[in-house]
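Participant: coords please:
(one chain, ligands or ions: 1)
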Amino acid sequence: MKFPCLARLWSAGTTGKPPRSARHIALINQLGLFGVCATLPYQVFYLLHGISLYWPSFVANVFFIAGYLVALPLNGWGWHNSARNVVVLNGCTQLFVVTYFISNGAGVHLFYFSVGGVLPLMFYRRQELPLLVVATVGVVVLFVFCHFYFPPGSTPIPIADSILGGMYAASAFGAIGLLAVVGFLFRERVEDAESDLTRTNRRLEQLSQTDQLTGLANRRTLEEWLRRELARAGREGKPVSVLMCDVDHFKAYNDWYGHQAGDRCLRNLAKAFQKVVRRPSDLVARYGGEEFVVILPLTGNKGAFDIAEALRRAVEQLAIPHERSTSGPVVTISIGVATLDPVPPAQLNIASRLLRAADMALYDAKSKNRNRVMSRMA
Ligand SMILES: Nc1nc2c(ncn2[C@@H]2O[C@H](COP(=O)(O)OP(=O)(O)OP(=O)(O)O)[C@@H](O)[C@H]2O)c(=O)[nH]1
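Facilitator: Numbers count the residues shown, from 1 in each chain. Sure, this is the predicted structure:
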């Protein structure tokens, strides 16, 4: 927010409210404060140009200023509709009374345009539509009445034409300025709300694409990624390889060291995988419990085998103790490699064919005492 002090003042009653309600409560506070600000120059004028003459308008305005300020505590106490009604009624009555005292030649009744302009922001709920229509018609009637029944010269207080002209210009400026400021502040609020929404959507999207435990891509992302890369490689006649990795004797690890240690182990493995697989088009995903899949686009069987070996070694080098493993003293992985070279264009079920082949290669690795890489062509 660009006006921290003012923002704190007009945020009365907004704490804990959903953004939409908070926006409207703040708007009522802002209008109350603007009512005060718009009245003060008139008060200064009355003081400087003969308070003895203009005292009825001056005294009336003191009450109207108090009326505007009441909106802030009302909102603070949670009486938002009352705060809004007080601001609207106070504003309309003030314009009427002051125009009666100093005539329409001073242009005070021009502020009815600003009031009419912000009414749709104040009565915003669907069920308030009839109230909005009534309020708008009321404002129009008041403006027309003031315009035709309080002409210059009809006032209880005589005012020189030159002064009236100056006041009219100031009123016009104030009425348009008020509308512009309210519009600006409201737009700021809407933009803030939009940015919040965009951030939340991005976060939700990220959550729906990643695995919570490891931060790797989840199975859904993996399937989309694989489909896209296979289609691309199919068009270009290039290879795609897939690695299916499984932690050896992980049930025994969990049973011996506990589930939390098991989770920690999976997180460390994920980090090690990400250090080895670095090309932007490659993807490491958590496929299931202790199974990971790596997609290697534009990679032939030999290259994929080398990367799988690098992964296997990286895990071994983490040297996570595994006393219950029959494949070695530390945690190890087995990897099945499968390659389509080249990927045939536009073939159905090609992704599941590739994953199935990688799974079979993994089975081969598991049956040969684990901690090894085995490969198949899909
Ligand atoms: N800590 C932890 N364990 C998991 C998670 N997901 C799956 N597991 C465990 O991983 C184990 C997998 O066991 P199995 O499929 O029998 O395979 P294994 O014990 O690794 O044996 P091999 O694969 O034949 O070497 C099961 O005990 C699951 O409970 C997880 O998110 N966290």
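
Participant: switch to C-alpha atoms for all contacts and neighbour counts from now on
Facilitator: Will do.

Participant: who touches Gly177 in this structure?
Facilitator: Contact partners of Gly177, counting by Cα atoms under 8 Å, 6 or more residues apart in numbering, are absent.

Participant: Go again with 10 Å.
Facilitator: Listed by Cα atoms under 10 Å, 6 or more residues apart in numbering, the contact set of Gly177 reads 38, 114, 171, 183.

Participant: count of residues packed around the residue of the stretch 251-378 of the chain found nearest the ligand?
Facilitator: In the stretch 251-378 of the chain, no residue comes nearer to the ligand than Gly289, which is 3.0 Å away by Cα to the nearest ligand atom. Neighbourhood size, Gly289 [other Cα atoms under 10 Å]: 11.

Participant: Quick check: pLDDT value at Gly300.
Facilitator: Confidence at Gly300, expressed as pLDDT, is 96.

Participant: tell me the pLDDT at the closest residue to the ligand within the stretch 51-200 of the chain?
Facilitator: Closest to the ligand within the stretch 51-200 of the chain is Thr200: 26.1 Å, counting by Cα to the nearest ligand atom. According to the prediction, Thr200 has pLDDT 94.

Participant: do the same with the one 5 residues further on
Facilitator: Residue-level confidence at Glu205 comes out at 92, pLDDT.

Participant: circling back: how about the contacts of Gly177, which pair is most distant?
Facilitator: Ser171 and Gly183 (18.2 Å; Cα to Cα).

Participant: neighbour-wise, which of these two wins?
Facilitator: Legend: neighbour count by other Cα under 10 Å for Ser171 and Gly183, higher for Ser171 (20 against 16).

Participant: ok, that one touching Thr99?
Facilitator: No. Using Cα atoms under 10 Å, Ser171 is not in contact with Thr99; the gap is 11.5 Å.

Participant: shared neighbours, the two?
Facilitator: What both Ser171 and Thr99 touch, as defined by Cα under 10 Å, 6+ apart, is the set 106-110.

Participant: Show me what from the stretch 101-250 of the chain comes close to the ligand.
Facilitator: Taking Cα under 6 Å from any ligand atom as the criterion, the stretch 101-250 of the chain approaches the ligand at residues 247-250.

Participant: Columns pLDDT on top of those, output as TSV?
Facilitator: Output for these, formatted as TSV (pLDDT from 0 to 100):
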residue	pLDDT
Val247	98
Asp248	97
His249	97
Phe250	97
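
Participant: Neighbour count and secondary structure added to those residues, as TSV?
Facilitator: Conversion of those to TSV gives the following (neighbours: other Cα atoms under 10 Å; DSSP: H, G, I helix; E, B strand; the rest coil):
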residue	neighbour count	secondary structure
Val247	23	strand
Asp248	24	coil
His249	18	coil
Phe250	21	helix
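
Participant: Would you reformat those as a markdown table and include distance to Asn81?
Facilitator: Formatted as a markdown table, these follow (distance: Cα to Cα, whole Å):
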| residue | distance to Asn81 |
| --- | --- |
| Val247 | 62 |
| Asp248 | 65 |
| His249 | 65 |
| Phe250 | 62 |
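
Participant: Grab the nearest non-local neighbour of Ala304.
Facilitator: Sequence neighbours aside, Ser241 is the residue nearest to Ala304 in space, at 6.2 Å (criterion: Cα to Cα, 6 or more residues apart in numbering).

Participant: In contact with that neighbour, which residues are there?
Facilitator: Residues in contact with Ser241 (Cα under 10 Å, 6+ apart) are 226, 230, 282, 294-305, 337-341, 343, 354-355, 358, 377-378.

Participant: Next: Ala175.
Facilitator: Contact analysis of Ala175 by Cα under 10 Å, 6+ apart lists 38, 107-115, 169.

Participant: give the contact list for Pro156.
Facilitator: Residues in contact with Pro156 (Cα under 10 Å, 6+ apart) are 53-54, 100-103.

Participant: Sorry, wrong one. I was asking about Ile320.
Facilitator: Ile320 neighbours (Cα under 10 Å, 6+ apart): 265, 268-269, 329-332.

Participant: of those residues, closest to Ser162?
Facilitator: Out of the contacts of Ile320, the member with the shortest distance to Ser162 (by Cα to Cα) is Asn268, at 82.5 Å.

Participant: you'd agree that closest one is up against Leu318?
Facilitator: Yes. Between Asn268 and Leu318 there is a contact under Cα under 10 Å: 8.2 Å.

Participant: where's Gly50 relative to the ligand, distance?
Facilitator: 82 Å (Cα to the nearest ligand atom, to the nearest Å).

Participant: how close does that residue get to Arg278?
Facilitator: 81 Å (Cα to Cα, to the nearest Å).

Participant: Please apply the same query to Gly174.
Facilitator: Going from Gly174 to Arg278 by Cα to Cα gives 61 Å.

Participant: Okay, domains of the chain per the record?
Facilitator: Each domain of the chain is listed here as a residue range: 4-207, 219-377, per automatic domain parsing.

Participant: What ranges does the stretch 1-150 of the chain have for its strands?
Facilitator: In the stretch 1-150 of the chain, no strands are defined using DSSP state E, counting those that start in this stretch.

Participant: Where does it get nearest to the ligand, residue-wise?
Facilitator: Closest point on the stretch 1-150 of the chain to the ligand, by Cα to the nearest ligand atom, is Pro18, at 35.9 Å.

Participant: burial of that residue, as a residue count?
Facilitator: Neighbour count of Pro18, defined by other Cα under 10 Å: 9.

Participant: now it: how far from Gln127?
Facilitator: Distance from Pro18 to Gln127, by Cα to Cα: 19 Å.

Participant: Same question for Val247.
Facilitator: 60 Å.

Participant: cool, and Arg235?
Facilitator: 57 Å.

Participant: Please identify which of those two sits among more neighbours.
Facilitator: Neighbour totals were compared for Arg235 and Gln127, and Arg235 leads with 13 against 9 (other Cα under 10 Å).

Participant: tell me the secondary structure for the more buried one?
Facilitator: Of the three states, Arg235 takes helix according to DSSP: H, G, I helix; E, B strand; the rest coil.
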